[in-house]
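J.: Can you look at this prediction? I've put the sequence above it.
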Amino acid sequence: MADHPAPGGGGAAAAHGTGRRAAASRLGRKGRVRATAKWARRRVRKEAAKRATQAATGGWLTPRRIMLLAAVAAALLVGLVVVLAMAATSAADAARQLPVVGSLFGSDPLDAGAGATGAAGDIPPDFLALYHEAADARQLDWAILAGIGKVECDHGRSTLAGCNPRGTVNRAGARGPMQFLGSTWRRGAGQHDPEVAGAPVPEGREGDGYATDGNGDGLADPWQPDDAIHAAARLVGRNGAPGDYTAALRAYNDSGEYVEDVLRWAQSYRQETAAGPAADGSVDLATVRGITVARSIAPNVDALVVAAQRDGHTLTGSGHRSHERQIELRQEHCGRSDYAIYEMPSGQCTPPTARPGSSMHEVGLAVDFSCDGALIESRSSACFTWMEAHAPPLGLYNLPSEPWHWSIDGS
């Protein structure tokens, strides 16, 4: 019958196949049991960790919530980094391009922090001469003008727009080494007008602007250092200086930080220029243009020589001399006795020669100048006339009895 297996091999084979399937079924059940047990153990450990976390956090901080909080924290951290980067970029841009609200100038102040190093080596000689000249013309502190020049355009060296090159303006409209707005330079000009050079505004008519001809060429140009520095002195003097430099600087740029920066630089320059011999009597010397003087006045002497060259004169000179050399000169000019060397009045020597220990040359604060190849011996000479006009603004004054001798106090 088709419904029953035939006796013999066919039935045995069928029985054997059925046995293999049965064995496989038994093994499958064992594997599933082992897998189920393994899953159960993992589940138990996971639940135990969950209960431990809940116990530690009062039941609030579940794993799902931990993952959510981690994602939120990551997003906040990324947002904070972006905000800080944007703030840093904005601050840098503001420091270089944006004016202080209320400023007449809209200047691009430089970083004027603790890096102040004094006048020597920092202020170019031509700028130093102009700061002294402009300040002396209006009885102002030259160091204040130098501080303004430092903060505005680093004495003409900054490469920021408006400082260099000529013809640029910053976003406020400031231009030139002292950073004048077009409308501050002369009334009627636009704040951002690129070219405002022209006739100077007469003294007493500052309501029409501060356009100033500082070098006598008939043109008032905010890009010309002579004109710009004299114009800055004019504005500072018009707005409270020398009585109130803080108010004057506020008129220049209405920012407390700006005022502090300018005053800090001014103090640095002023202190170095006022420096004298060290406590042990030694003198810190520097040689400029072949003239050795105290380092404190080296920038002034350098500026004087540069200014003379600009006007067609060649200045040379003898500055510092040692105590021993001063004694030798007294022996040559006064006599060889102890009285002649140490006590005789200088006026009785030929030429007059200070007593050892009292000469400004010994501390490097005096120079005997020669001009155009000869010692300045006449007060009526062209060289003396030039010196009389240009040395005092740089802090050097003549000893009346010696046209060639210039020192910090005229002695």
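T.: Yep, it's here.
J.: Where does pLDDT dip in the chain?
T.: Filtered on pLDDT under 70, the chain yields the residue ranges 1-66, 81-121, 272-281.
J.: Would you map the helices across it?
T.: Counting by DSSP state H, the chain has helices at residues 9-56, 63-97, 125-137, 142-153, 182-185, 225-238, 245-252, 256-274, 298-310, 323-333, 338-342, 382-390.
J.: Need the contact partners of the shortest one.
T.: So the one you mean is helix 182-185. The contact list for helix 182-185 (CB atoms under 8 Å, 6 or more residues apart in numbering) reads 104-105, 169, 173, 175, 189-194, 196, 209-211, 220, 222, 231, 235. From N, CA and C alone the C-beta is placed, and that goes for glycine too.
J.: List only buried entries from those.
T.: Those of the contacts of helix 182-185 that meet the buried threshold are 104-105, 169, 173, 175, 189, 191-193, 196, 209-211, 220, 222, 231, 235, by 16 or more other CB atoms under 10 Å.
J.: Break the protein down into its structural domains.
T.: Using automatic domain parsing, the domain ranges for the chain come out as 125-274, 285-321+359-407.
J.: Format those domains as JSON lines; extra columns: distance to Ser337.
T.: Output for the domains of the chain, formatted as JSON lines (distance: least, CB to CB, whole Å):
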{"stretch": "domain 125-274", "distance to Ser337": "38"}
{"stretch": "domain 285-321+359-407", "distance to Ser337": "19"}
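J.: Tell me which of the ones you listed sits nearest to Cys334.
T.: Among the domains of the chain, domain 285-321+359-407 comes nearest to Cys334, with 12.6 Å by CB to CB.
J.: Just the endpoints, please. Distance across that closest one?
T.: Start-to-end span of domain 285-321+359-407 (CA to CA, to the nearest Å) is 15 Å.
J.: and what of stretch 236-255?
T.: The first residue of stretch 236-255 is 15 Å away from its last residue (CA to CA).
J.: again with stretch 182-195
T.: Length of stretch 182-195, first residue to last, CA to CA: 8 Å.
J.: How far off centre is it?
T.: In this view, stretch 182-195 has its centroid 27 Å away from the chain centroid, taken as CA atoms, centre = their mean, to the nearest Å.
J.: do the same with stretch 328-347
T.: 50 Å.
J.: same deal with stretch 201-217?
T.: On CA atoms, centre = their mean, the centre of stretch 201-217 falls 29 Å from that of its chain.
J.: Show me which residues of that stretch are buried.
T.: Per 16+ other CB under 10 Å, stretch 201-217 contains these buried residues: 201, 206, 209-215.
J.: try stretch 334-350
T.: Neighbour counts using 16+ other CB under 10 Å place 334, 341, 344, 346, 349 of stretch 334-350 among the buried residues.
J.: Quick one: residues contacting the last one.
T.: Taking CB under 8 Å, 6+ apart as the definition of contact, the neighbours of Cys349 are 330, 333-334.
J.: Give me the phi and psi angles of it.
T.: Dihedral pair for Cys349: phi -90, psi 160, per degrees, to the nearest 10.
J.: Show me which of the buried residues of stretch 334-350 is closest to Tyr245.
T.: Checking the buried residues of stretch 334-350 against Tyr245 with CB to CB, the nearest one is Ser346 at 39.6 Å.
J.: Distance of that closest one relative to Ala251?
T.: According to CB to CB, to the nearest Å, Ser346 stands 48 Å off from Ala251.
J.: and if you look at Pro202?
T.: In terms of CB to CB, Pro202 sits 20 Å off from Ala251.
J.: do Arg238 as well
T.: According to CB to CB, Arg238 and Ala251 sit 8 Å apart.
J.: neighbour-wise, which of the two wins?
T.: Ala251 (18 against 15; other CB atoms under 10 Å).
J.: Pretty sure the more buried one sits against Asp244.
T.: No: at 10.0 Å, Ala251 and Asp244 do not qualify as touching, with contact defined as CB atoms under 8 Å.
J.: What about Ala73, how many residues nearby?
T.: When neighbours are defined as other CB under 10 Å, Ala73 has 10 of them.
J.: Max pairwise distance over the buried residues of stretch 201-217: which two?
T.: Pairwise distances across the buried residues of stretch 201-217 peak at 19.7 Å for Glu206 and Asn215 (criterion: CB to CB).
J.: where's stretch 159-168 relative to the chain centroid, distance-wise?
T.: Distance of stretch 159-168 from the chain centroid (CA atoms, centre = their mean) equals 17 Å.
J.: nope, stretch 383-396 is what I was after
T.: Computed by CA atoms, centre = their mean, the chain-centroid distance of stretch 383-396 equals 30 Å.
J.: So Cys334 is in contact with Ala340, correct?
T.: Yes: with contact defined as CB under 8 Å, Cys334 and Ala340 form a contacting pair (4.4 Å).
J.: what is in contact with these two at once?
T.: Common neighbours of Cys334 and Ala340 are not found (criterion: CB under 8 Å, 6+ apart).
J.: before we move on, the earlier item: out of the buried residues of stretch 201-217, which is nearest to Tyr131?
T.: Gly214 (11.5 Å).
J.: How much space separates the closest one from Ala134?
T.: 7 Å.
J.: Now for those two: what residues contact both?
T.: Contacts common to Gly214 and Ala134, judged by CB under 8 Å, 6+ apart, are 229-230.
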